[in-house]
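Q: need a 3D model of the sequence below.
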Amino acid sequence: MSLFNLFLKSVFVDNMIFAYFLGMCSYLAVSKTVKTSAGLGLAVTFVLVVTVPVNYLINKYLLSPGALAWISPQWATLDLSFLTYILFIAIIAAIVQILEMVIETFTSSLYSALGIFLPLIAVNCAILGCSLFMQERNFSNVGEAAVFGLGSGLGWLLAIVAIAAIREKLRYSKIPKGLQGVGISFIITGLMGIAFMAFMGIKL
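A: The predicted model follows:
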């Protein structure tokens, strides 16, 4: 699979929100305005672009079977795969902490708007899920992992900005009281997920 096909597939076909419903908590909680949603989406994309390639290298040279052979042939039989979740989450948490400090320093308004959901990027299941998908799909090089992370991040960004734009328009609509807020957001998310299923017919 070419890098371009991998990129398109990760954005549209394997969209983290509409195909796997990963990262739904912050997707629904922060998607009230387009500006805030775009900020969080870009932050998630940055974290994915950095963490997926780093976790790929950790998986290839530390965690996968025989990965430690580069140190010594005697270490080739050592299996450290049980550390996968710990190391992946540690890398994600470190990158998120750095990102949080940068946003707080340079864009305090966005930092205030995102609130608790910025540090919670570290436990966003879409980010950990992307690293685990990378491990499962056994990409051949770090470039493929980086493209997969970029595509997955932009797909998540596309999803949250789209729902935010719709929710902004819904303020002027007459919605039944029982469906206002999260209720109508779930319905719209389901409809958008069905719409994105059309991309599954594209052969990549």
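Q: now the helix or strand bottoming out on mean pLDDT in the chain: how far from the chain's centre is it?
A: Least confident helix or strand, the chain: helix 108-114 with a mean of 78, by mean pLDDT, DSSP states H and E. Here the centre of helix 108-114 is set off from its chain's centre by 20 Å, with C-alpha atoms, centre = their mean, to the nearest Å.
Q: touching, Leu28 and Val182? I think so.
A: Yes: with contact defined as C-beta atoms under 8 Å, Leu28 counts as touching Val182 (6.1 Å). C-beta coordinates here come from the backbone N, C-alpha and C atoms, glycine included.
Q: who has more neighbours out of these two?
A: Per other C-beta atoms under 10 Å, whichever of Leu28 and Val182 has more neighbours is Leu28, with 17 against 11.
Q: for the host helix or strand of that one, buried residues please.
A: Following DSSP states H and E, one finds Leu28 within helix 24-30. Of the residues in helix 24-30, Met24, Ser26, Tyr27, Leu28, Val30 count as buried by neighbour count, 16 or more other C-beta atoms under 10 Å.
Q: of these, which pair is most distant in space?
A: Spatially, the most separated pair among those is Met24 and Val30, at 11.2 Å (C-beta to C-beta).
Q: buried residues in stretch 118-125?
A: Leu118, Leu120, Ile121, Ala122, Asn124, Cys125.
Q: give the contact list for the second one.
A: When the contact criterion is C-beta atoms under 8 Å, 6 or more residues apart in numbering, the partners of Leu120 are Cys25, Ser26.
Q: scan the chain for its longest helix.
A: Longest helix in the chain, counting residues (DSSP state H): helix 142-170.
Q: and that helix, what does it pack against?
A: Counting contacts by 3 or more C-beta pairs under 8 Å, 6 or more residues apart in numbering; DSSP states H and E, helix 142-170 packs against helix 3-8, helix 24-30, helix 34-58, helix 125-137, helix 182-196.
Q: can you give me the neighbour number for Asn141?
A: 12.
Q: and it, its phi and psi?
A: When read as degrees, to the nearest 10, the backbone of Asn141 gives phi -150, psi 170.
Q: look up how far Ala165 lies from it.
A: To Ala165, Asn141 is 36 Å away according to C-beta to C-beta, to the nearest Å.
Q: go on, Phe117?
A: Distance from Phe117 to Ala165, counting by C-beta to C-beta: 19 Å.
Q: mind listing what the closest residue to Leu6 other than its chain neighbours touches?
A: Distance criterion C-beta to C-beta, 6 or more residues apart in numbering; nearest residue to Leu6, sequence neighbours excluded, is Val147 at 5.3 Å. The neighbours of Val147, taking C-beta under 8 Å, 6+ apart as the test, are Leu3, Leu6, Phe7, Ser10.
Q: how about 10 Å then?
A: Ser2, Leu3, Phe4, Asn5, Leu6, Phe7, Ser10, Val49, Val52, Pro53, Phe139, Asn141 (C-beta atoms under 10 Å, 6 or more residues apart in numbering).
Q: pLDDT below threshold where in the protein?
A: 1, 204 (pLDDT under 70).
Q: at 50 instead, please
A: Applying pLDDT under 50 to the chain flags no residue at all.
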